[in-house]
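Asker: Predicted model and sequence below, questions to follow.
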Amino acid sequence: MSEHLTIVDHPLVQHKLTLMRDQGTSTAVFRQLLREISTLLAYEVTRGLAMTTRTIDTPIMEMEAPVLDGRKLALVSILRAGNGLLDGMLDLIPSARVGFVGLYRDEETLRPVQYYCKLPNELDERLVIAVDPMLATGNSSAAAIDLIKEKGAKNIRFLCLLAAPEGVARMKEAHPDVPIVTAALDEKLNEKGYIIPGLGDAGDRMFGTK
């Protein structure tokens, strides 16, 4: 997790991502694939968590066994599309604390506008993983990380499904201390700020809206 950008090239991740990119994939299947792929990505973004040990009794003997150390993780969904990644991650980390940051992108300026923010307490003592399927311009993601830092978080990771080079550069400029984990680094953004080749609008495809 020391590098700023980690691309998860696991065959299952890449296969499921291809199915998600296909415009013929239905809303129901897209949503299921997103949940499955987010579980696989969660495995990577939680690599290197702090560990300690506790004494347990196996059916054979007593032993010192490894367990997670410190406070529960905090997962922060960047609404609305972040909820698709959140569901799969909670399958893997059900005890995590959950927060939400509501941002929408002004279609004229491409700048983020905040409409909601509710975060867990004691963020300074937790690993915080912010999730949003698409890292496009990076403006919304950077703004969300700003809010999370304002609440005291110091150890933050960012998880997305797809990233554009422009978004990665924007995040590195704004938050060089926040590593990014993604399934793919795509080619570029188009004139409307959408990732190419991408998969369209993740929120619309997840919720069946236009």
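Answerer: Sure thing, it's come through.
Asker: Find the nearest non-adjacent residue to E166, please.
Answerer: L189 (5.3 Å; Cβ to Cβ, 6 or more residues apart in numbering). For glycine as for every other residue, the C-beta is placed from the backbone atoms N, C-alpha and C.
Asker: M20 now?
Answerer: Nearest to M20 is L33, by Cβ to Cβ, 6+ apart, at 5.0 Å.
Asker: just to revisit the earlier point, next, the contact list for the residue nearest to E166, please.
Answerer: Taking Cβ atoms under 8 Å, 6 or more residues apart in numbering as the criterion, L189 is in contact with 136-137, 164, 166-167, 195-196.
Asker: quick one on the thing from earlier: is the residue nearest to M20 located within a helix, as I assumed?
Answerer: Yes - using DSSP: H, G, I helix; E, B strand; the rest coil, the assignment for L33 is a helix.
Asker: and it, how many neighbours does it have?
Answerer: 20 (other Cβ atoms under 10 Å).
Asker: now do K72
Answerer: Residues near K72, counting by other Cβ under 10 Å: 15.
Asker: Next: A163.
Answerer: The local packing of A163 (other Cβ under 10 Å) involves 25 other residues.
Asker: what residues are up against it?
Answerer: 5, 134-135, 180, 182, 184-186, 195.
Asker: For the lowest-mean-pLDDT helix or strand in the chain, enumerate the helices and strands it packs against.
Answerer: Ranking every helix and strand in the chain by mean pLDDT, DSSP states H and E puts helix 202-207 at the bottom, with a mean of 83. If contacts are counted by 3 or more Cβ pairs under 8 Å, 6 or more residues apart in numbering; DSSP states H and E, helix 202-207 sits against helix 27-45.
Asker: And the helices in the protein, which stretches?
Answerer: Here the chain has its helices, by DSSP state H, at 11-21, 27-45, 82-92, 139-150, 165-174, 202-207.
Asker: Kindly reformat those helices as JSON lines containing distance to I129.
Answerer: Output for those, formatted as JSON lines (distance: least, Cβ to Cβ, whole Å):
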{"stretch": "helix 11-21", "distance to I129": "17"}
{"stretch": "helix 27-45", "distance to I129": "6"}
{"stretch": "helix 82-92", "distance to I129": "7"}
{"stretch": "helix 139-150", "distance to I129": "10"}
{"stretch": "helix 165-174", "distance to I129": "14"}
{"stretch": "helix 202-207", "distance to I129": "17"}
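Asker: mind checking which of the ones you listed is nearest T55?
Answerer: helix 82-92 (25.3 Å; Cβ to Cβ).
Asker: And the closest one, what does it pack against?
Answerer: Taking 3+ Cβ pairs under 8 Å, 6+ apart as the contact cut, helix 82-92 packs with helix 27-45, strand 74-79, strand 97-105, strand 127-131, strand 155-163.
Asker: Write down the beta-bridge partners of the residue nearest to E166, one by one.
Answerer: I195 (DSSP bridges).
Asker: For V168, see how far away it is.
Answerer: Distance, L189 to V168, by Cβ to Cβ, to the nearest Å: 11 Å.
Asker: what does D91 give?
Answerer: Here D91 is placed at a distance of 27 Å from V168 (Cβ to Cβ).
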